[in-house]
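S.K.: pasting the structure only:
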């Protein structure tokens, strides 16, 4: 700006100015020379005839045309002042070019000649110039005059624009993203700053646009090399190639005319989460050809095959029972994977982590990167699998459980959880047992163990069985006392005996009657009354006290059969017996009075269980 102000305040030298009627003279200069107007006109007329005047007029018009905006002319660099580069452009005129117009700062050297375009001539005489615009115009003219569609050009990728890249080949040209490579190139921004070779697809002279293709060059080169490659490629040979694309499942490698697929499983003998962990785009690598399909033009490659498989001698290096160390490389719901060496991993299943501790998720104990000591449990070279164990580092507590807790041992345990079928208890840390719902009571039937037990409750029970293989201990509470069905109940409740009880439950097939706490008998619907009934509720109600007769006591099935109608029969028999025992008026009874009547003696056996009709 300082230079521009200087240019605007400078007084330009005015010599002749064209007017309609002819020429005029700068009167200040004339007065300094001491000429009168008449003398000056006379001198000019003597010096300039018709020919000279014509030449002078043409020169003035030429200068005016040269300084018109949009013209391109040559200039010589005089000096640089700040961000302004001063140029002499002829006819005693000077112009200004901004320093940013020079792509190479080394070009700014006094005396260097460059072409510039006149952008503006302001009222103060300052001439603004553009080197970049002049270069583009000249470059376009050069390209149009020397190149045609189909020709090969080289240029540097300047920047990314919508739909593709901008390439400088002397003028900016458009390289569409679809024409960058033969396959999807991913992020095309990686080409910025690179020099690329392209084929001209289209030249639009009207709009001054040029479209180029890098893909065309690659396709032609690949077509030439494909036939040669397929003729000489063989399985087992090592080939060099360039990584051209990386996918989740593998890598595409340009072998020079044909792409080969390097699957992720063939990158390394070890674990690879993504191919980008092993290779990079545009990296040159050596691969082993592991498969060739010439008919479909497909080639399979391997990188790990360059080195021997670590599984070939795996049994020798890791015998079963050996102790070794490794690093946790993956944690799953079912276990952890441990790397023993590069390319060799084993699985510690969740069931092989602890003898006694219940592990819900291995990640609660182990993290990726942890170093662990393991025992080799099984090796499968064909499947490339190794089973490992951690709990085997310690003595199995279940191996001595049967000796420590033989059947019949009385222990005090803590209830840890309740299920529909029983209660789990902790005998000691790591040793659990089960009290089945059927082993809680000899006589009472529970629908759920929670009716008799509570979580965290301490109870005394007896060991029934120890299964070391399945790691189970069966316990019972009722076994602490003798089974009442062996002696107590059969001796107390005799068939034919009449007892009292309370109705506890009514079903469609009969009534359950509690004879004493935790002891029930079944009063079948057929034994409630002599007449047929449709529902037991018509005769008895819950909590009602009833008098029943013991029909049978089955110790094996632990059931007591009851009858209510037979109680009435017994009452009638007793009443009838009492009446007959009283003295009669006639000393001798008549035979007709006893015809058909049988009176059993007092100590006669009770009526059979299966008899359901009253004896007449």
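M.R.: Sure thing, it's come through. Since we're looking at a predicted model, the values are computed, not measured.

S.K.: how is the chain carved up into domains?
M.R.: As given by automatic domain parsing, the domain ranges for the chain are 2-134, 147-217, 233-306, 314-393, 397-480, 483-582+592-616.

S.K.: so which of those domains gets nearest residue 140?
M.R.: In terms of Cβ to Cβ, the element of these nearest to residue 140 is domain 147-217, at 4.9 Å. All C-beta atoms are positioned from the backbone trio N, CA, C, and that covers glycine.

S.K.: Could you save the domains of the chain as JSON lines and add columns showing distance to residue 140, mean neighbour count and mean pLDDT?
M.R.: Shown next, in JSON lines, are the domains of the chain (distance: least, Cβ to Cβ, whole Å; neighbours: other Cβ atoms under 10 Å; pLDDT from 0 to 100):
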{"stretch": "domain 2-134", "distance to residue 140": "11", "mean neighbour count": "13", "mean pLDDT": "69"}
{"stretch": "domain 147-217", "distance to residue 140": "5", "mean neighbour count": "16", "mean pLDDT": "88"}
{"stretch": "domain 233-306", "distance to residue 140": "32", "mean neighbour count": "16", "mean pLDDT": "89"}
{"stretch": "domain 314-393", "distance to residue 140": "58", "mean neighbour count": "15", "mean pLDDT": "92"}
{"stretch": "domain 397-480", "distance to residue 140": "86", "mean neighbour count": "16", "mean pLDDT": "89"}
{"stretch": "domain 483-582+592-616", "distance to residue 140": "104", "mean neighbour count": "14", "mean pLDDT": "76"}
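
S.K.: Assess the claim that residue 159 and residue 168 are in contact.
M.R.: No - counting by Cβ atoms under 8 Å, residue 159 does not reach residue 168; the two are 9.8 Å apart.

S.K.: Run through the residues that contact residue 510.
M.R.: 522, 523, 524, 525, 527, 528, 536 (Cβ atoms under 8 Å, 6 or more residues apart in numbering).

S.K.: ok, back up a step: quick one: the domains of the chain as TSV, columns for distance to residue 224 too.
M.R.: Formatted as TSV, the domains of the chain follow (distance: least, Cβ to Cβ, whole Å):
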stretch	distance to residue 224
domain 2-134	36
domain 147-217	11
domain 233-306	7
domain 314-393	39
domain 397-480	71
domain 483-582+592-616	93
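
S.K.: which stretch among the ones you listed comes nearest residue 223?
M.R.: Per Cβ to Cβ, nearest to residue 223 of the domains of the chain: domain 233-306, 7.3 Å.

S.K.: how far does that closest one stretch from start to finish?
M.R.: 17 Å (Cα to Cα, to the nearest Å).

S.K.: One more: stretch 271-280?
M.R.: Termini of stretch 271-280 sit 17 Å apart (Cα to Cα).

S.K.: quick one: contacts of it?
M.R.: Contacts of stretch 271-280 (Cβ under 8 Å, 6+ apart): 243, 246-248, 250-251, 262, 264, 267-268, 285, 303, 329-330, 337, 339, 345.

S.K.: now stretch 488-506
M.R.: So stretch 488-506 is contacted by 482, 511-515, 519-521, 536-537, 540-553, 555, 560, 562, 567, 570, 606-607, 609 (Cβ under 8 Å, 6+ apart).

S.K.: now do 6 Å
M.R.: Contact partners of stretch 488-506, identified using Cβ atoms under 6 Å, 6 or more residues apart in numbering, comprise 511-515, 536-537, 540, 542, 544-545, 547, 549-550, 552-553, 555, 567, 606.

S.K.: Inside strands: which ones of these?
M.R.: Using DSSP state E to define strands, the subset of the contacts of stretch 488-506 located there is 511, 512, 513, 514, 515, 545, 547, 549, 550, 552, 553.

S.K.: which one of those residues sits closest to residue 210?
M.R.: residue 512 (101.2 Å).

S.K.: tell me the contacts of that closest one?
M.R.: 504, 505, 520.

S.K.: quick one: secondary structure of the residue lying closest to it once chain neighbours are set aside?
M.R.: Leaving aside its sequence neighbours, residue 512 sits nearest to residue 505 (Cβ to Cβ, 6 or more residues apart in numbering; 4.3 Å). Classification of residue 505 using DSSP: H, G, I helix; E, B strand; the rest coil returns strand.

S.K.: Tell me the spacing between residue 505 and residue 541.
M.R.: 12 Å (Cβ to Cβ, to the nearest Å).

S.K.: so what sits against both of the two?
M.R.: By Cβ under 6 Å, 6+ apart, no residue touches both residue 505 and residue 541.

S.K.: Doesn't residue 470 belong to a helix?
M.R.: No - with three-state DSSP as the criterion, residue 470 is located in coil rather than a helix.

S.K.: Over to the most centrally placed residue in the chain: give its phi and psi.
M.R.: For the chain, the residue nearest the mean C-alpha position is residue 273 (11.8 Å; Cα atoms, centre = their mean). The phi/psi pair for residue 273 (degrees, to the nearest 10) reads phi -80, psi -40.

S.K.: Next, work out how far apart it and residue 337 are.
M.R.: 12 Å.

S.K.: Check residue 487 too.
M.R.: The value you get for residue 487 to residue 337, if Cβ to Cβ is used, is 61 Å.

S.K.: same question, residue 377
M.R.: On the measure of Cβ to Cβ, residue 377 and residue 337 end up 14 Å apart.

S.K.: And the strands in the stretch 151-300 of the chain, which stretches?
M.R.: 152-161, 164-168, 172-176, 195-204, 209-213, 238-247, 250-254, 259-263, 284-293, 298-302 (DSSP state E, counting those that start in this stretch).

S.K.: Just tell me which of those ends up closest to residue 184.
M.R.: strand 238-247 (7.2 Å).

S.K.: Pull the distance from that closest one to the chain's centre.
M.R.: Strand 238-247 has its C-alpha centroid displaced from the chain centroid by 27 Å (Cα atoms, centre = their mean, to the nearest Å).

S.K.: ok, the residue lying closest to residue 193 once chain neighbours are set aside to residue 504 distance?
M.R.: Of all residues not flanking residue 193 in the chain, residue 157 sits nearest, at 6.4 Å (Cβ to Cβ, 6+ apart). Separation of residue 157 from residue 504 (Cβ to Cβ): 93 Å.

S.K.: how far away is residue 520 from residue 483?
M.R.: 16 Å.

S.K.: beta partners of residue 498?
M.R.: residue 549 (DSSP bridges).

S.K.: Could you measure from it over to residue 287?
M.R.: Taken as Cβ to Cβ, the span from residue 498 to residue 287 is 98 Å.

S.K.: One more: residue 555?
M.R.: Taken as Cβ to Cβ, the span from residue 555 to residue 287 is 82 Å.

S.K.: swap in residue 254?
M.R.: 11 Å.

S.K.: and residue 225, which of the domains of the chain is closest to it?
M.R.: Among the domains of the chain, domain 233-306 sits nearest to residue 225 (Cβ to Cβ), with 2.7 Å.

S.K.: Run the chain-centre distance for the closest one.
M.R.: Averaging C-alpha positions (Cα atoms, centre = their mean) puts domain 233-306 26 Å from its chain's average.

S.K.: you'd agree residue 496 is in a strand?
M.R.: No - under three-state DSSP, residue 496 falls outside any strand and is assigned coil.

S.K.: closest to residue 120 among the contacts of residue 512?
M.R.: Distances from residue 120 to the contacts of residue 512, taken by Cβ to Cβ, are shortest for residue 505, at 111.1 Å.

S.K.: Which secondary structure state is assigned to residue 473?
M.R.: strand.

S.K.: how close does it sit to residue 452?
M.R.: In terms of Cβ to Cβ, residue 473 sits 20 Å off from residue 452.

S.K.: pretty sure residue 83 is touching residue 99, no?
M.R.: Yes - using Cβ atoms under 6 Å, residue 83 is in contact with residue 99, at 4.8 Å.
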